[in-house]
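Visitor: Output the structure for:
(one chain, ligands or ions: 1)
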Amino acid sequence: MQVTYSGAVIAAPPVPVVVLISGAGSNLAALLSAARRPGAPFAVVGVVADVEAPGLDHAREAGIPTRVIALADHPDRAAWDEALAAAVRELAPRLVVLAGFMRIVGAPLLDAFGGRIINTHPALLPSFPGAHGVRDALAYGVRITGASVIEIDAGIDTGRILAQRAVEVLPEDTESSLHERIKAVERDMLVEVVEDLTTGT
Ligand code: GRF
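Guide: The predicted model follows:
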């Protein structure tokens, strides 16, 4: 919402974004650093994880609220899905970013934020969807792979593609060396997509 005085915009609060993670949080760190830039169009208002992810430290250091919604703390998957959606809803984001969140999100989150949830994936979708995009691309023997940012729908990595970047596979690559090079382009791309989606909204 913009605040105007005599027709002039005097305050345009940044768009609230919630980030979901499961791992190291390098994509989260890139988003936090972009959000700190003067005039950034978005602010990270909370980080939610499904495990005590190391990446939560990036948020804690930045003084941003964090929540862990662990499957093991809930009687079943449906209860976890409801708890996850409730935790995100409490933070009132306009955009939800899955940045290395290693679980499929269920109907409660999709119903609450449909069309406003994006995911980053370390392969050129629709090739190599699922939890092992880097390993699968390497095993297949592709020479070019990369990263994709997609809109989330009810399928596994099937949503509309918003952006993609290519990365060359080198003969000496291991899963981890290739993933590191993918992550370097992935985080820049993710920041650009989030800035685009939150600019002028
Ligand atoms: C990213 O490559 C993401 O696409 C994949 O896991 C990685 C997460 O990295 N699902 P990080 O936790 O942001 O460092």
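Visitor: alpha carbons only for contacts and neighbour counts from here, please
Guide: Fine.
Visitor: Averaged pLDDT, stretch 46-55. What do you get?
Guide: The average pLDDT for stretch 46-55 rounds to 98.
Visitor: which parts of that stretch are buried?
Guide: The neighbour-count check on stretch 46-55 (16 or more other CA atoms under 10 Å) flags 46-53, 55 as buried.
Visitor: just stretch 189-199 next, same as before
Guide: For stretch 189-199, the buried set under the neighbour-count rule, 16+ other CA under 10 Å, comprises 189-191, 193-195, 198.
Visitor: Enumerate the residues of this protein near the ligand.
Guide: 23-28, 99-100, 120-122, 183 (CA under 6 Å from any ligand atom).
Visitor: want to try TSV for those residues, with neighbour count as columns?
Guide: Converted to TSV, the residues of the chain next to the ligand look like this (neighbours: other CA atoms under 10 Å):
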residue	neighbour count
Gly23	20
Ala24	16
Gly25	22
Ser26	18
Asn27	25
Leu28	27
Ala99	25
Gly100	23
Thr120	26
His121	27
Pro122	30
Lys183	20
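Visitor: residue ranges of the strands in the chain, please?
Guide: Taking DSSP state E to define them, one finds strands in the chain at 3-5, 8-11, 15-21, 42-49, 66-68, 95-98, 117-121, 144-151, 161-168.
Visitor: Poorly predicted segments of this structure, please.
Guide: 1-12, 201 (pLDDT under 70).
Visitor: and the longest helix for it?
Guide: helix 175-198 (DSSP state H).
Visitor: quick one, it and strand 117-121 angle?
Guide: Using axes from the mean of the first three to the mean of the last three CA atoms, to 10 degrees, the direction of helix 175-198 lies 150 degrees away from that of strand 117-121.
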